[in-house]
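Student: I would like the atomic coordinates for the input below:
(one chain, ligands or ions: 1)
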Amino acid sequence: MSDPRERKAYFNLKAGPEIKKIKKYLENNTFIAYFLGKKNSGKGTYAKMFAEVLGEDKIDHFSIGDMIRSVDEEIKNGQKKKELISFLQKNYRGWLPFEQILKFLESRNVKVLLPTELILALVKREISRRKKKSIFIDGFPRDLDQISYSLFFRDLIGYRDDPDIFVLIDVPDAVIDERIKWRRVCPLCQTSRNLKLLPTSKVAYDKNKKEFYLLCDNATCKDAKMLAKEGDSLGIKPIKERLEKDEKLIEQAFSLYGIPKILLRNSLPQKLAKEYVDDYEITPEYVFKWDDKKKKVKILEKPWVVLDNAGEKSVSLLAAPVVVSLIKQIVKVLQL
Ligand SMILES: [Zn+2]
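Tutor: Predicted coordinates:
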């Protein structure tokens, strides 16, 4: 499943007719989908894989976090800053005077949340840059007031005939915890992998520290050692509050009328796994052993079982089967 060609065959096997229907729809239509999921729930991965299957020329994805970071860069660049200001002068409507908004952007402390009205104007700009493409927006709505904005959002952005969809992602905290704890990042190309759940093809062993580590398998990185980011060993502890807030937000979105909703489940109870999914659709856990005779790392795969938020022994699905579910539900929601 890590090979793009194998993945293509897998998607055709599991959702061939649905993929055809969506492709046909996308020839002349677009949609906007808002991803609602906790931090690290895999939103970016799902959106990218969906685009890989349905066509990168038809599907795009952007995250509010990246959008804000790019605004921080624009503010430092004379010409780009001018363009940004001129766009906001035309498109920003809100409770704070424009001058204050500008000051806000210029002296922004990363921890401070930008006003919703400003985010709205910026999202609008991102969408207008992607004409004729369907879009997955990741990280919005971020707050309750933003949920209500997003309800009539498409009317504001000239997508009036386009359907919009909430895509809710349900993932156990334990999965997020392990994703963070074992995350390893290449210092050169920033590729992110996981020592326990998604290793690269090259695993090495440090005899002195008795530690296994990943080497980036990106050819240009020349076997760079992948590193843990500061604080990652704490797992979800530092973001516990944020996760609880996200959960409330998702619950709230669930109870909304009038907007189609898609639910993606990352996990299912272990006892139901045999009935509903194939073994190769389940996230395995990788275990390493050092073979001192052959001077080689032995890589073993075993089933990975986590407790879901209700304390039930569960298995976690790989991204591809979750995307299959996304494809099937989109067909239903769009009535194709
Ligand atoms: Zn790299």
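Student: end to end, how far does stretch 50-69 reach?
Tutor: For stretch 50-69, the first-to-last residue distance is 24 Å (Cα to Cα, to the nearest Å).
Student: touching that stretch from outside, list them.
Tutor: With contact meaning Cβ atoms under 8 Å, 6 or more residues apart in numbering, stretch 50-69 is reached by 4, 7-8, 11, 19, 22-23, 26, 43-44, 47-48, 114, 119, 122-123, 126, 130, 133-140, 142, 323, 326-327. Backbone N, C-alpha and C define where each C-beta goes, glycine included.
Student: pLDDT on it, on average?
Tutor: Averaging pLDDT along stretch 50-69 yields 92.
Student: residues contacting Asp162?
Tutor: 29-32, 154.
Student: by neighbour count, which of those residues wins?
Tutor: The member of the contacts of Asp162 that has the most neighbours, counting by other Cβ atoms under 10 Å, is Phe31 with 22 neighbours.
Student: now the helices: where do they sit in the stretch 101-250 of the chain?
Tutor: All helices of the stretch 101-250 of the chain, identified by DSSP state H, counting those that start in this stretch, fall at 116-128, 144-151, 153-156, 173-181, 240-254.
Student: and the ion, which of these is closest to it?
Tutor: Nearest of those to the ion, taken as Cβ to the ion: helix 173-181 at 18.9 Å.
Student: so which bits of the host helix or strand of Gly65 are buried?
Tutor: Here Gly65, judged by DSSP states H and E, is contained in helix 64-75. Neighbour counts over helix 64-75 (16 or more other Cβ atoms under 10 Å) mark 64, 67-68, 71, 75 as buried.
Student: quick revisit: going through the contacts of stretch 50-69, which ones are buried?
Tutor: Taking 16+ other Cβ under 10 Å as the criterion, what is buried in the contacts of stretch 50-69 is 7, 11, 19, 22, 26, 43-44, 47, 114, 119, 122-123, 126, 133-140, 142, 323, 326-327.
Student: give me the spatial nearest neighbour of Met226, chain neighbours excluded.
Tutor: Once flanking residues are discounted, Met226 sits nearest to Arg184: 3.9 Å by Cβ to Cβ, 6 or more residues apart in numbering.
Student: who does that neighbour bridge with?
Tutor: Arg193 (DSSP bridges).
Student: can you give me the pLDDT of it?
Tutor: Residue-level pLDDT assigned to Arg184 equals 97.
Student: could you do the one 4 residues further on as well?
Tutor: Reading off the per-residue confidence, Leu188 sits at a pLDDT of 96.
Student: my guess is it contacts Cys216. True?
Tutor: Yes: counting by Cβ atoms under 8 Å, Leu188 does reach Cys216; the two are 6.8 Å apart.
Student: now do the shared contacts for the two.
Tutor: Common neighbours of Leu188 and Cys216 (Cβ under 8 Å, 6+ apart) are Ala224.
Student: what does the chain put close to the ion?
Tutor: Proximity of the chain to the ion (Cβ under 5 Å from the ion) is limited to residues 186, 188-189, 191, 216, 218, 221.
Student: thanks a lot, see you next time.
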